[in-house]
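[1] My questions concern the predicted model and sequence given below.
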Protein chains: 2
Amino acid sequence: MRISTLSIGDELVCGQLTDTNAGTIAAVLLAEGLRIQRHHAVGDVEPDIIGALNDLGRGSDAIIVTGGLGPTADDMTSRAAARATGRRLVINEEARNHVRLMSGRLKSLILCPLSDKQAMIPTKSTLIPNPNGTACGFYLMHNGCFMFFMPGVPSEMIVMLRETVIPFIQERVVHKRVIRSASLNVFGPCEAEVDELLLGIACPEQGLALGICVTFPWMKVTLRAEADNDDAVTGLLVPAISAVRERLKEYCFSSGDISMDDVVAELFRDRCLTLSLAESCSGGLIAKRITDIPGSSRYFSEGVVTYSNSAKKRLLGIPAELLNSCGAVSSECAAAMSKGVRAASGSDLGLAVTGIAGPEGGSDDKPVGTVFISLAAPDGCWTKRFQFSGNRNEIRVMTAWTALDWLRRYLLRRE
Amino acid sequence: MRISTLSIGDELVCGQLTDTNAGTIAAVLLAEGLRIQRHHAVGDVEPDIIGALNDLGRGSDAIIVTGGLGPTADDMTSRAAARATGRRLVINEEARNHVRLMSGRLKSLILCPLSDKQAMIPTKSTLIPNPNGTACGFYLMHNGCFMFFMPGVPSEMIVMLRETVIPFIQERVVHKRVIRSASLNVFGPCEAEVDELLLGIACPEQGLALGICVTFPWMKVTLRAEADNDDAVTGLLVPAISAVRERLKEYCFSSGDISMDDVVAELFRDRCLTLSLAESCSGGLIAKRITDIPGSSRYFSEGVVTYSNSAKKRLLGIPAELLNSCGAVSSECAAAMSKGVRAASGSDLGLAVTGIAGPEGGSDDKPVGTVFISLAAPDGCWTKRFQFSGNRNEIRVMTAWTALDWLRRYLLRRE
């Protein structure tokens, strides 16, 4: 089945917004064994949209279109779809009810005449339900090509893609080639190291591909197997996954979409331990990531962001002499912070970071990127100096990742 | 001049890599007064590349192509370009010398027979120098359309675009149109409200376009003016910017690339005030955003993430009776938190948030999304209840944005 995508929006062809929908749709379809052949993008210009639908329609069995279904005047995808396929644009009662229902639920949209615009759908179309927004999607068949229209908002689009578009396409795929992929997430080594560790696992001529995708500061190793049937794909994929795990060992922190934060949360729940945090240079980033996870209140009691020395003294009981003799960015201070927050909060683990995120504040001894991480636990206190590179944001992100990876490795060793 | 872009690469149509070149080229060209009309992307598949060049060639005066010029077998853009334009593919001596020179300099490529592949260029083409990589680019004219071919590596592509492609195009633009844009950033109202407030400002027939781009939870209003000369563009743009500012009033928090965080930081520096934070449901997110900004240690002294009730009592001095009678998610508790953290830290302002981010913990009285924000200042203490919708992440993001917007509005009123 030849499938194409079309992204519509002035902000895309003006470079104001990166078109992430194209990649997302391609990745989700590929995981289902479906491949995108071509992708087009045009602005909110009716003749350009009509032209793209015609161009893509000629060589495709299906076109997945995103964008331009909003309530405002510059959204004109529905009208262009109607013109391109020789249909009339009419008010769809089901869509109108949906717009009203969702407007009420979201409480963010004033019901005004504009809203009916989102209920204008080409005739002889079927609605694609949108549980997360006001804009209904729709699909229609024109000259042997299915055209699916969805809003461009990624969180709305993805649900509609998974719940309606993909099942619809899957039902119509005749000769199915089985494609399956698996991914493992890696933190610690650099890309070249991972590349070397995984040498020889890929085998493209047999249908087994391996890719490394770096998303600072971690990376994703993806294995993709393609064969005629499910068993053959399993036969390629399963041993390859084991081999990757074997070679990467503790560097590999999870598989699929499971984040480092998820892994740490899971380990805390499993081990029935509690955590408190004392952050300086990371400024709340670690607490934010810990509390991103629903239910984190069960193991996370408190965090302090002690940016000033007076806060370090008052909230963590760091002696003034220590701050004077060793400085706030020191192994001694980090250890005192982790022990201090653990003692004050009464939690099982106390994690502390102090460092210089820059761009100012570095010295010859302690240049920008110097970070001390300390973990106080019932069985000891460990403190280590790190030297990170990059800008302020990169140093803070690396600090938080390294601290969370420390927690992960500590919790893994505790049964 | 009608200009299109074409991105080539399996990794793009498989969704392994987001196509950032398309947006980069569009943005760089727009700044030069040139507009991208259409964008296509195809995999490393010869017939697809030829098809795209033919499709785009029909309606364009220039096509800017990136990707598929590498040394490996799956890079086949040069051959496809030759076939699509009826040329032969021959070794170009200048390109060969460049490949050898750069291979030596980059020390990353072993000189092997493959390397000559990068020197194979369609006849009747002109090379585009690539100071940062082995792959030469080239351009040619076919059926009245200029086709520019560059490698997909962003750092190589951008230099070639700026140094060769854009000057070449600019020289040939006969009737030069001046395009300039400006943007204003808005927080508070929904898209439909903004649309209504700005009704009548856009005037496409005179060359003044207005777009609203929603990036949860804020939006960007972009004005784009196009005219024959600089004065006419200024005449369109300047009054339109004033009109948008006038109508959106305090909803508009900044212009261009200046973030809400930047604005708040700038105001704190200006007003010489200090801040401390007490966060519950936002879990450190506000502290993280405050400390994202370099130099924030000058006005931010400390933050506490008081997730547990015991932390609220110990770190903020919230009386147990208050927690028992009103609950931790209450106006009373929020006010006690903001006053508590202000008093403990001795800072000018104390900002506190407490709420239910979900997915659990809601009740009929206080459903998920209930958030209290409180600001304690020298001239009073203000507390307000908000009801946000969305998932845990969206509620937390909305909480942080609303709290920062409160700070902004308070600081704006203080001279």
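    In hand now; what should we look at?
[2] Show me what from the stretch 151-300 of chain A comes close to chain B.
    A:153, A:211, A:213, A:222, A:277, A:279, A:282-288, A:290-292, A:294-297, A:300 (CB under 8 Å from any CB of the partner chain). No exception for glycine: its C-beta is placed from N, CA and C like everyone else's.
[3] Tell me which of these fall in helices.
    Counting by DSSP state H, those place A:285-288, A:290-291 in helices.
[4] Just send these back as a markdown table, with neighbour count too.
    Below are these laid out as a markdown table (neighbours: other CB atoms under 10 Å in any protein chain shown):
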| residue | neighbour count |
| --- | --- |
| A:Leu285 | 27 |
| A:Ile286 | 30 |
| A:Ala287 | 33 |
| A:Lys288 | 26 |
| A:Ile290 | 26 |
| A:Thr291 | 27 |
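[5] of those residues, closest to A:Thr5?
    Distance to A:Thr5, by CB to CB, is smallest for A:Lys288 among these, at 33.9 Å.
[6] My guess is A:Arg271 contacts A:Leu411. True?
    Yes: using CB atoms under 8 Å, A:Arg271 is in contact with A:Leu411, at 5.5 Å.
[7] Please say which of these two ends up with more neighbours.
    Here A:Arg271 and A:Leu411 are compared on neighbour count by other CB atoms under 10 Å in any protein chain shown; more neighbours surround A:Leu411, at 20 against 16.
[8] how much space between the residue positioned nearest the centre of chain A and A:Val28?
    Central residue of chain A (CA atoms, centre = their mean): A:Asp257, 8.1 Å from the mean position. According to CB to CB, to the nearest Å, A:Asp257 stands 12 Å off from A:Val28.
[9] And A:Phe148, by the same measure?
    13 Å.
[10] So if I had to pick from these two, which one is more boxed in?
    More neighbours surround A:Phe148 than the other of A:Phe148 and A:Val28, with 25 against 16 (other CB under 10 Å).
[11] Which is the succeeding secondary structure element to the helix or strand in which the more buried one is found?
    Per DSSP states H and E, A:Phe148 falls inside strand A:145-150. Per DSSP H and E, strand A:145-150 leads on to helix A:154-160 as the next helix or strand towards the C-terminus.
[12] Run through who's touching that following helix.
    By CB atoms under 8 Å, 6 or more residues apart in numbering or on different chains, the residues outside helix A:154-160 that reach it are A:20-21, A:24-25, A:28, A:66, A:128-133, A:135, A:137, A:150-151.
[13] again, only this time at 10 Å
    Under the criterion CB atoms under 10 Å, 6 or more residues apart in numbering or on different chains, residues A:20-21, A:24-25, A:28, A:64, A:66-67, A:69, A:128-137, A:148-151, A:165-166, B:216, B:390-391, B:394 lie in contact with helix A:154-160.
[14] swap in stretch A:407-415?
    A:187-188, A:250, A:253-254, A:260-261, A:263-264, A:266-268, A:270-271, A:273, A:275, A:286, A:290, A:348-349, A:351, A:373, A:375, A:377-380, A:382.
[15] Quickly find the element holding A:Glu196.
    Using DSSP H and E, A:Glu196 falls in helix A:191-197.
[16] Now do the buried residues in that helix.
    A:194, A:197 (16 or more other CB atoms under 10 Å in any protein chain shown).
[17] ok, now stretch A:395-404?
    In stretch A:395-404, counting by 16+ other CB under 10 Å, buried: A:395-404.
[18] doesn't A:Gly133 make contact with A:Val153?
    Yes: assessed by CB atoms under 10 Å, A:Val153 is found in contact with A:Gly133 at 6.0 Å.
[19] Show me which of the residues of the stretch 151-300 of chain A next to chain B are buried.
    A:153, A:211, A:222, A:277, A:279, A:282-288, A:290-292, A:296-297, A:300.
[20] Pretty sure A:Arg96 sits against A:Cys136.
    Yes: A:Arg96 sits in contact with A:Cys136 when judged by CB under 10 Å, with a separation of 9.2 Å.
[21] Not counting its neighbours along the chain, what's nearest A:Thr20?
    B:Thr18 (5.8 Å; CB to CB, 6 or more residues apart in numbering or on different chains).
[22] which ones are touching that neighbour?
    A:18-24, A:26-27, B:11-12.
[23] Neighbours of the residue lying closest to A:Val371 once chain neighbours are set aside, how many?
    Nearest residue to A:Val371, sequence neighbours excluded (CB to CB, 6+ apart): A:Gly355, at 3.1 Å. Applying other CB under 10 Å, we find 27 residues neighbouring A:Gly355.
[24] what do you get for the one 5 residues further on?
    With neighbours defined by other CB under 10 Å, the count for A:Glu360 comes to 11.
[25] show me the contacts for it.
    If you count contacts by CB under 10 Å, 6+ apart, then A:Glu360 has A:368, A:392, B:294-295, B:297 around it.
[26] Give me the angle between the strand or helix carrying A:Ile64 and strand A:145-150.
    Using DSSP H and E, A:Ile64 maps to strand A:62-66. Strand A:62-66 and strand A:145-150 are oriented at 20 degrees to each other (axes from the mean of the first three to the mean of the last three CA atoms, to 10 degrees).
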